[in-house]
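> predicted model and sequence follow; I will ask about them next.
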Amino acid sequence: MSKRAALVPLLLLAGLIVAVVGATAALRLIGDGAFGPGGQTLTQANVQASLAQPTQKSTVPAGPSQPSGTHGSPSAVVSDNFTASGNVVIAACSSGQATLTSWIPAQGYGIDGLSHGPDAKAWVKFKSSSAELTVNVTCVGGRPSFTTSADDHHGGRGSGGSGN
């Protein structure tokens, strides 16, 4: 009986090891497909490369290679992206009207307001525990033009802060 009593825990331990190894192998196999990129962190370059790809709403490719005024049609859409403090804004211009097509807050930031257009000016305000950043978009020469104003809360709450 002592051999039998010693054999049972060894068999249970061997079964547990096989189960853990099998589960780990299965998760590695499906981790990159079913559950996304498998925990890989995107770099700033990865995000910029993804943003540089044209969106479905664009009829004119965005980017520096597109000369200003080549597609004089008033309905042409030109889109571009902008990054400030890790926050990303993608905007488009059509018929002189600015429209935010996407906005991605950086880690630690949230959205504290927005006016996505179409209008003469579109904007989004990103807010963290220590700062506020407003990104304004207007259309200049048919292309999105981005400006920012920031409030780092050094003046206290409700002080209004000055933009830079």
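Looks like it came in fine.
> tell me how far Thr43 lies from Ser85.
In this structure, Thr43 lies at 16 Å from Ser85, with C-beta to C-beta, to the nearest Å as the measure. C-beta: built from backbone N, CA, C; applies to glycine.
> compare these two (neighbour count), which wins?
More neighbours sit around Ser85 than around the other of Thr43 and Ser85, counting by other C-beta atoms under 10 Å; the figures are 15 against 9.
> phi, psi for the more buried one please.
Backbone torsions for Ser85, taken as degrees, to the nearest 10, come to phi 50, psi 30.
> hmm, it is touching Ile104, no?
No: Ser85 sits out of contact with Ile104 when judged by C-beta atoms under 8 Å, with a separation of 11.9 Å.
> quick check: neighbours shared by those two?
By the contact definition C-beta atoms under 8 Å, 6 or more residues apart in numbering, Ser85 and Ile104 are jointly contacted by no residue.
> OK, contacts around Ser94?
Going by C-beta under 8 Å, 6+ apart, Ser94 touches 75-78, 118.
> please, which helix or strand holds Ser102?
With the criterion set as DSSP states H and E, the secondary-structure element containing Ser102 is strand 97-104.
> where along this structure do the helices fall?
2-31, 44-52 (DSSP state H).
> between those, which gets the lowest average pLDDT?
Here the lowest mean pLDDT among these goes to helix 44-52, at a mean of 68.
> and the strand holding Ser102, which residues are buried?
Neighbour-count burial for strand 97-104, counted by 16 or more other C-beta atoms under 10 Å, picks out 98-104.
> from those residues, pick the one nearest Leu16.
Proximity of those to Leu16 (C-beta to C-beta) peaks at Ile104, which lies at 43.4 Å.
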